[in-house]
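> What would the 3D arrangement of this be:
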Amino acid sequence: MNLSGFNFIDGQRSAEGDTRLHSVDATTGEQLPGAFFQATLGEVDLAVEAAERAFPIYRNLPAARRAEFLDAIADELDALGDDFVALTCRETALPTARIQGERGRTSGQMRLFAQVLRRGDFYGARIDQALPERKPLPRPDLRQYRTAVGPVAVFGASNFPLAFSTAGGDTASALAAGCPVVFKAHSGHMATAERVAEALVRAAEKTGMPTGVFNMIFGGGVGAALVKHPGIQAVGFTGSLKGGRALCDMAAARPQPIPVFAEMSSINPVLVLPQALQARSAAIAKDLSASVVQGCGQFCTNPGLILGIASPQMSAFVEQLRAHMAEQAPQTMLNAGTLASYGKGLAALHSHPGVSHLSGQPQSGNQAQPQLFQADISLLLEHDELLQEEVFGPCTVVVLAADRKELLRAVRALQGQLTATLLAEDADLVEFAELLPILEQRVGRVLLNGYPTGVEVSDAMVHGGPYPATSDARGTSVGTLSIDRFLRPVCFQNIPDAHLPDALKNANPLGIARLVDGQSSTRALG
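Modelled structure (predicted):
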């Protein structure tokens with residue numbers, strides 16, 4: 001499997017720079033064959049300019065043509081063979097089954113967005129027909145639909161080399177919206193990124209897309225130039241709070257500020273309520289520990305905080321959880337940087353006087369040891385930042401409230417989260433009825449009697465939440481609603497029918513549902 005290591009610009013390969021980067025085997029640290037050419041600032045300009053040239057062509061293609069492109073990408077991804085899966089496993093230390101499943105999820109979300117394009121609801125078409133006889137003033141003919149914002153910069157995520165990277169959710173939703181993409185490959189899996197980028201380019205060629213519809217650059221330090229480039233109109237990012245916030249600040253400081261849709265940091269609290277504890281304490285302890293260590297804890301929805309009310313039964317549950325966590329094996333993390341960050345997070349917990357260590361071997365070697373801590377609830381109530389900061393890895397912290405009232409206070413003290421989970425019986429939901437309204441204001445997804453580490457790709461899914469979980473709580477990075485991030489509304493006033501977009505023409509040639517004079521309708525207008 002030969003790799004060129006060249007950047008992808010306007011349908012061609014480019015290697016103008018002198019700096020070469022290397023991918024490594026995540027398990028052994030061994031340098032893998034081949035080198036990748038860090039993009040120069042000139043190549044960043046060329047990539048964005050290619051996307052700008054492609055934009056007016058691509059956004060004006062019929063939605064059905066863009067759907068063909070997304071379906072072709074999905075087919076190309078599914079055709080990547082066992083050698084590709086093995087390569088990704090070496091770069092990330094993730095198991096074969098995980099990569100195979102993630103590849104299916106990645107192609108599946110491309111096909112899902114193709115369905116969105118064919119059904120046409122993403123246009124959000126609204127028509128207020130003229131009322132020339134209205135008094136005291138007539139109403140003009142007003143027609144609104146949503147169109148692409150322009151070229152989008154997408155940053156690859158470390159923890160999902162496929163589903164949140166080169167052809168991942170940000171790229172899929174941007175392309176569906178009609179936005180060309182300039183993708184910044186993650187340094188942790190550059191070889192995987194090259195193979196996926198080749199698949200995207202093949203799909204673009206087979207379906208006759210403009211050459212600049214997808215571009216990819218390698219290298220550290222090029223992300224800032226990409227975000228600051230005036231041709232970029234929005235940014236998609238999945239990663240650390242520090243990295244996401246830096247991009248937000250850069251984008252806001254531009255002469256023309258642009259939105260950054262960053263998914264950043266979440267501790268995903270799990271609330272274990274009394275009746276659930278009484279009914280199934282042992283099962284909860286087993287399943288919750290499995291969720292904490294799943295994928296070496298390298299999920300943005302990993303349950304990093306467990307909340308409950310102190311009682312003899314809760315004490316027994318914590319002991320059960322401690323025993324299960326002690327049985328969990330160490331795992332190799334995605335890369336050395338991730339392992340180092342995990343170690344720093346653990347050190348901060350170990351050194352705090354309000355935190356006690358319940359389970360886990362000391363960190364040594366190149367694997368992450370699962371860890372369980374217990375913290376005094378005062379850290380939450382007094383807004384100590386320690387418990388609000390994500391420790392990315394197989395670690396969680398138990399916090400116990402004295403009573404129902406204190407538990408509610410602790411939940412109110414939480415910062416914005418991607419998820420919150422209620423492990424509860426019907427009687428708990430009645431007794432703690434205030435919890436749902438509180439959580440609704442703090443998280444993007446509330447779960448009942450499940451575990452947050454699975455994120456379904458669907459129409460109703462929300463993978464977002466208030467800051468610092470994301471930079472913009474109005475969006476989602478998973479599910480079909482994520483297309484909204486890269487669309488903007490445009491209103492046409494008294495424009496002749498022949499010059500309107502198809503979504504707004506009287507005959508409704510697309511056959512889509514539209515809001516006409518306040519009523520949903522698919523009919524043609526006279």
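> where does residue 220 fall, phi/psi-wise?
phi -90, psi 150 (degrees, to the nearest 10).
> any low-confidence regions in this protein?
Low-confidence segments of the chain, defined by pLDDT under 70: 1.
> Residue 449 and residue 423 touch, don't they?
Yes - taking contacts as CB atoms under 8 Å, residue 449 lies within contact range of residue 423: 6.0 Å. Bear in mind the C-beta positions are built from the backbone N, C-alpha and C, glycine included.
> how far is the helix or strand containing residue 277 from where the chain is centred?
Using DSSP states H and E, residue 277 sits within helix 274-293. Distance of helix 274-293 from its chain centroid, counting by CA atoms, centre = their mean, to the nearest Å, is 27 Å.
> Who are the packing partners of it?
Here helix 274-293 touches strand 269-272, strand 305-309, helix 312-327, strand 395-401, strand 417-423, helix 426-431, going by 3 or more CB pairs under 8 Å, 6 or more residues apart in numbering; DSSP states H and E.
> Name every strand pairing with the fifth one and say which way it goes.
Each strand that strand 417-423 pairs with, and the sense of that pairing, follows from DSSP bridges: strand 269-272 (parallel), strand 443-448 (parallel).
> Please enumerate residues in contact with it?
Strand 417-423 is contacted from outside by 263, 266-273, 276-277, 284, 288, 300-301, 303, 414, 428-429, 435-436, 439, 442-452, 463-466, 469-470, using CB atoms under 8 Å, 6 or more residues apart in numbering.
> now the angle from it to helix 274-293?
Here strand 417-423 points in a direction 130 degrees away from that of helix 274-293 (axes from the mean of the first three to the mean of the last three CA atoms, to 10 degrees).
> and if you look at the third one?
Here helix 312-327 points in a direction 10 degrees away from that of helix 274-293 (the same axes, to 10 degrees).
> measure the nearest residue to residue 396 once chain neighbours are set aside to residue 447 for me?
Nearest residue to residue 396, sequence neighbours excluded (CB to CB, 6 or more residues apart in numbering): residue 292, at 4.7 Å. Using CB to CB, to the nearest Å, residue 292 is found at 15 Å from residue 447.
> So which of those two has more stuff around it?
Counting neighbours by other CB atoms under 10 Å for residue 292 and for residue 447 shows that residue 292 has the greater number, 27 against 18.
> hmm, back to that, can you check which residues contact both of residue 449 and residue 423?
residue 276.
> okay, the two: which has more neighbours?
residue 423 (25 against 13).
> hmm, back to that, just the angle between the helix holding residue 277 and strand 305-309, please?
Using the same axes, to 10 degrees: helix 274-293 against strand 305-309 is 160 degrees.
> buried set for helix 274-293?
Judged by neighbour count (16 or more other CB atoms under 10 Å), helix 274-293 contains these buried residues: 274-277, 281, 284-289, 291-293.
> Among those residues, list the two that are farthest apart in space.
275 and 293 (26.6 Å; CB to CB).
> thought residue 286 was touching residue 324?
Yes - using CB under 8 Å, residue 286 makes contact with residue 324 at a distance of 5.6 Å.
> then the helix or strand harbouring residue 102 to CSV, C-alphas only?
Element membership for residue 102, per DSSP H and E: helix 96-119. C-alpha atoms of helix 96-119 as CSV (Å, rounded to 0.1, in the frame of the first residue of the first chain):
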residue,chain,number,x,y,z
THR,A,96,-10.2,-4.4,13.7
ALA,A,97,-13.9,-4.8,14.6
ARG,A,98,-14.0,-1.1,15.8
ILE,A,99,-12.5,0.1,12.5
GLN,A,100,-14.8,-2.0,10.4
GLY,A,101,-17.8,-0.8,12.4
GLU,A,102,-16.6,2.8,12.1
ARG,A,103,-16.1,2.5,8.4
GLY,A,104,-19.8,1.3,8.1
ARG,A,105,-20.9,4.2,10.2
THR,A,106,-18.9,6.7,8.0
SER,A,107,-20.4,5.4,4.7
GLY,A,108,-23.8,5.1,6.3
GLN,A,109,-23.9,8.8,7.3
MET,A,110,-22.9,9.7,3.7
ARG,A,111,-25.9,7.7,2.4
LEU,A,112,-28.1,9.3,5.1
PHE,A,113,-27.2,12.8,3.9
ALA,A,114,-27.9,11.6,0.3
GLN,A,115,-31.4,10.8,1.5
VAL,A,116,-31.7,14.3,3.1
LEU,A,117,-30.8,15.9,-0.2
ARG,A,118,-33.4,13.8,-2.1
ARG,A,119,-36.2,14.6,0.2
